[in-house]
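**Student:** Give me a 3D structure for the following:
(2 chains)
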Amino acid sequence: MTLQTTDIQRRSATTSPLPAVNQHTEVAKLVDVSACIGCKACQAACMEWNDLRPEIGNTTGVYDNPVDLTDTAWTVMRYAEVEENGTLQWLIRKDGCMHCADPGCLRACPAPGAIVQHGNGIVEFHQENCVGCGYCVTGCPFNVPRISKKDSKAYKCTFCSDRVAVGQAPVCVKSCPTGALRFGTKEQMKDYAQTRIRDLKERGFVKAGLYDPEGVGGTHVMYVLQHADRPGLYAGLPAQPGISPMVELWKGITKPLATAGMALVGLAALFHYVAKGPNEVSKDSEKEAEKEADA
Amino acid sequence: MIRDPQDLQRYSAPERANHWVVGMSFILLALSGLAFFHPYFWPLTHLFGGGVWTRILHPFIGVLMMLSFTALFLRFRALNGMAAVDWEWVRRAKEMVNGDDHNMPEQGKYNGGQKLMFWGAALCMLLLFVSGIALWRAYFTLPVEVVRLAAVVHAATAAVMIALITVHVYAAIWVKGTIRAMWYGTVTRAWARQHHRAWYRQMTGK
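**Tutor:** Presented below is the predicted three-dimensional model:
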C-alpha cells in the first residue's frame, strides 16, 4: 500500500465507480533478454528497495537461485540452456509479474480493493485488504502471485509503484548494468524494442520479436526475445497466455446467473405461498384420523 | 414431556440433533460462501469477523457439514430408494404444487420429491466437498488447472445446493404441521394420514 491514489482503473470485487480523476500515461518495463548477462543485480536491488529478506535456501546445481518466485522473491532470473544445431544458447529471463492490461488475478479476487490497477497500468496488491484465499493464484496466467506462509497474504512485484509515482524508474531497471532493463511509457518501450529487434534480425535472429501478448490485453512488462516464435524456450514462458476459460466462466456468467437463480427460487417460494396459501390438513382428514385412532 | 399421546414419532432425538448440525453448518456455509462469490454479498463477511476469518472458518465448517451430512445420509439412505410410486408422484408434482393433492399416490415416510431432494443434496455435498478440498490453499496444493475447474464446480454446485435447500425449507413451511417434526420429532395422525398415508398405516396399523 502506497499513498492514496486517484488514478484507479480497476479494483477487485468492486462494482461502483472508482477514484479516477487522474489518468496517467501507460508505462512499461522492457526486458531485453538478448542483452541480459544474468548478474542478478535486479534481484538484489528488488530485495533492497522492498526490504525483503528471503530465507537462505540451498543450491540445486543450477544458477536459478532462488529456484522460484516466493512471497519474498518478487523477481527471479530463470536460466534456460537450449542446445540447437550444435550450438548452446543460454536464455536468461527475468521472471515476475507481467502487469497485464487485463489482469486475471484482479478478476478472480473476491476481496474489495485487495488488487487495483492504476491508470499507468501497474497492478498492485494491497495486502491490508487481502484475505489470503489464493484466488489470484488461480486467476493468474503466468503463475506469479505467492501466498506468504507467515501472514497468508498474497505478494508479487509492485512495479516499484512508490518509485514510479515520484518519477523514478523501478529499482530493477535502475540497477541493471547492461541496459537489458528499460523503463518508460509503453509507446516508448515498444519503439525502442523495434530497434533492438531490427538489430537482432540483422545478427541472424530472424524470428526475433516483442512479447506483449494479446490474450491478456498486452502487458506492462514486455520481453524482447531472440526466438519470439517459441516463447516456451525461455523457461516455459506461455506462448498464448490468457485468462483461463474456467476463470472466465467462474467470474463471468456464473455470478449473475447463479445470483438471479437463487433469488428467483426464493421469490417463487414466497409468491407460491401468497398465491396458493398453506397446505393444511383438511378438516375431513382430521376427523377421519380421530375416528381411526378411537377405533 | 407428554403432548398428545396419539401423535406419531417421526424422528428420534439423535436424528433431529444430526439434522440441526447439518442445517446450521449449511446456513453458515451459505452465508460465508456467498461473501466470496459476488461483491454484493461481501458484507456477509462481517458476520464472521471479517474477510480473513471468513476465509479461515468456511472450510472447517465445510468439514463439519460433510461429516454430519454423511451421518444423516447413512441414517436415511435406506428410506430414500426411488420406487415406481415415487416416479408417479414426481410426474404428478405439478398438481401438488397447484394445491390439489387428491390424486397424489399414497406415500411412505418420504414422497418422490423428498427422495429426489435427498439424492440431489447428497450429490451436491459430494461435489462441494471434493472441489472444496482443491480450493483449500492453507492445506492443499493442487495443479492450477484442477483448482480452476474446482472453483467453477464449487460455485455452480453451491448455487444449486442453496436453491435445493430453499425449496426444502419452503416445503416445510408450506405444509403445515411439518416443522414440529424437526423441533421435537412428532407429527399429528391427521398430518401423517394426509401426507404420508402408507407410513401412517405402517405406524398405526389402520
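**Student:** Please name every helix or strand in contact with the longest helix belonging to chain B.
**Tutor:** Across chain B, the longest stretch assigned as helix under DSSP state H is helix B:144-174. For helix B:144-174, the contact count by 3 or more CB pairs under 8 Å, 6 or more residues apart in numbering or on different chains; DSSP states H and E identifies helix A:135-139, helix A:245-251, helix A:254-276, helix B:13-37, helix B:112-135, helix B:179-183 as packing neighbours. No exception for glycine: its C-beta is placed from N, CA and C like everyone else's.
**Student:** now the residue nearest the centre of chain B: how far from B:Ala122?
**Tutor:** Centre of chain B computed as the mean C-alpha position; nearest residue by CA atoms, centre = their mean is B:Ile165, 5.4 Å away. As defined by CB to CB, to the nearest Å, B:Ile165 lies at a distance of 13 Å from B:Ala122.
**Student:** and what of A:Gly104?
**Tutor:** Counting by CB to CB, the gap between A:Gly104 and B:Ala122 amounts to 34 Å.
**Student:** do A:Pro66 as well
**Tutor:** Spatial separation of A:Pro66 from B:Ala122 under the definition CB to CB is 46 Å.
**Student:** again with B:Asn111
**Tutor:** According to CB to CB, B:Asn111 stands 17 Å off from B:Ala122.
**Student:** Which of the two has more residues huddled nearby?
**Tutor:** Between B:Asn111 and B:Ala122, B:Asn111 has the larger neighbour count (other CB atoms under 10 Å in any protein chain shown), namely 25 against 17.
**Student:** Pop out the phi and psi values for the more buried one.
**Tutor:** Here is the backbone geometry of B:Asn111 (degrees, to the nearest 10): phi -90, psi 170.
**Student:** In space, what's closest to it - neighbours in sequence excluded?
**Tutor:** B:Trp89 (5.1 Å; CB to CB, 6 or more residues apart in numbering or on different chains).
**Student:** packing partners for the strand or helix carrying the one you found?
**Tutor:** Using DSSP states H and E, B:Trp89 sits in helix B:84-91. Contacts defined by 3+ CB pairs under 8 Å, 6+ apart place helix B:84-91 against helix B:112-135.
**Student:** Off-centre distance for the helix it packs on?
**Tutor:** Relative to the chain's own centre, helix B:112-135 is displaced by 9 Å; criterion: CA atoms, centre = their mean, to the nearest Å.
**Student:** circling back to that earlier point, contacts for the helix holding B:Trp89 next, please.
**Tutor:** Residues from elsewhere that reach helix B:84-91, judged by CB atoms under 8 Å, 6 or more residues apart in numbering or on different chains: B:Met96, B:Met104, B:Pro105, B:Glu106, B:Gln107, B:Asn111, B:Gly112, B:Gly113, B:Lys115, B:Leu116.
**Student:** Which is the succeeding secondary structure element to that helix?
**Tutor:** Towards the C-terminus, the helix or strand next in line after helix B:84-91, according to DSSP H and E, is helix B:93-97.
**Student:** Which residues does that following helix contact?
**Tutor:** Contacts to helix B:93-97, defined as CB under 8 Å, 6+ apart, come from residues A:His272, A:Lys276, B:Trp89, B:Asp101, B:Asn103, B:Met104, B:Gly112, B:Gly113.
**Student:** give me that answer again for 6 Å
**Tutor:** Contacts of helix B:93-97 with the rest of the structure, by CB atoms under 6 Å, 6 or more residues apart in numbering or on different chains, involve B:Asn103, B:Met104, B:Gly113.
**Student:** Pull up the distance across stretch A:45-60, start to finish.
**Tutor:** End-to-end distance of stretch A:45-60: 23 Å, with CA to CA, to the nearest Å as the criterion.
**Student:** Shouldn't A:Ala28 be within a strand?
**Tutor:** Yes: when DSSP: H, G, I helix; E, B strand; the rest coil is applied, A:Ala28 is found to be in a strand.
**Student:** I figured it hits A:His220, correct?
**Tutor:** Yes: A contact is recorded between A:Ala28 and A:His220 when judged using CB atoms under 6 Å, the distance being 4.9 Å.
**Student:** How about A:Thr75: what's its closest non-neighbour residue?
**Tutor:** In this structure, A:Thr75 finds its nearest non-sequential neighbour in A:Gly96, 3.9 Å apart by CB to CB, 6+ apart.
**Student:** since we're on the one you found, how many residues are nearby?
**Tutor:** Other residues within reach of A:Gly96 by the criterion other CB under 10 Å amount to 24.
**Student:** For it, give me its contacts.
**Tutor:** The contact partners of A:Gly96, taken as CB under 6 Å, 6+ apart, are A:Trp74, A:Thr75, A:Cys157.
**Student:** cool, and A:Ile8?
**Tutor:** Residues in contact with A:Ile8 (CB under 6 Å, 6+ apart) are A:Leu18, A:Pro19, A:Ala20, A:Val116.
**Student:** Drop anything exposed from those.
**Tutor:** Restricting the contacts of A:Ile8 to buried positions leaves A:Val116, with burial counted as 16 or more other CB atoms under 10 Å in any protein chain shown.
**Student:** Closest one to chain B out of the contacts of A:Ile8, please.
**Tutor:** A:Leu18 (12.9 Å; CB to the nearest CB).
**Student:** looking at it, the closest one is touching A:Arg11, isn't it?
**Tutor:** Yes: between A:Leu18 and A:Arg11 a contact is recorded at 5.3 Å, counting by CB under 6 Å.
**Student:** Around chain A, pick out the residues from chain B.
**Tutor:** B:6, B:36, B:38-39, B:42, B:51-52, B:55, B:99, B:137, B:147-149, B:151-152, B:155-156, B:159, B:162-163, B:166, B:170, B:174-176, B:189-191, B:193-194, B:206 (CB under 6 Å from any CB of the partner chain).
**Student:** quick one on the thing from earlier: in PyMOL, how would I select the buried members of the contacts of helix B:84-91?
**Tutor:** Buried residues among those (16+ other CB under 10 Å), as a PyMOL selection:
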select buried, chain B and resi 96+104+105+107+111+112+113+115+116
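**Student:** so which of the contacts of helix B:84-91 comes closest to chain A?
**Tutor:** Comparing those against chain A with CB to the nearest CB places B:Met96 closest, at 8.5 Å.
**Student:** what does chain A put close to chain B?
**Tutor:** Contact residues (CB under 6 Å from any CB) of chain A with chain B: A:13, A:15, A:110-112, A:131-134, A:138, A:244, A:246-247, A:249-250, A:254-255, A:258-259, A:261-262, A:265-266, A:269, A:276, A:278-281, A:285-286, A:289, A:292-293.
**Student:** Done for today, thanks.
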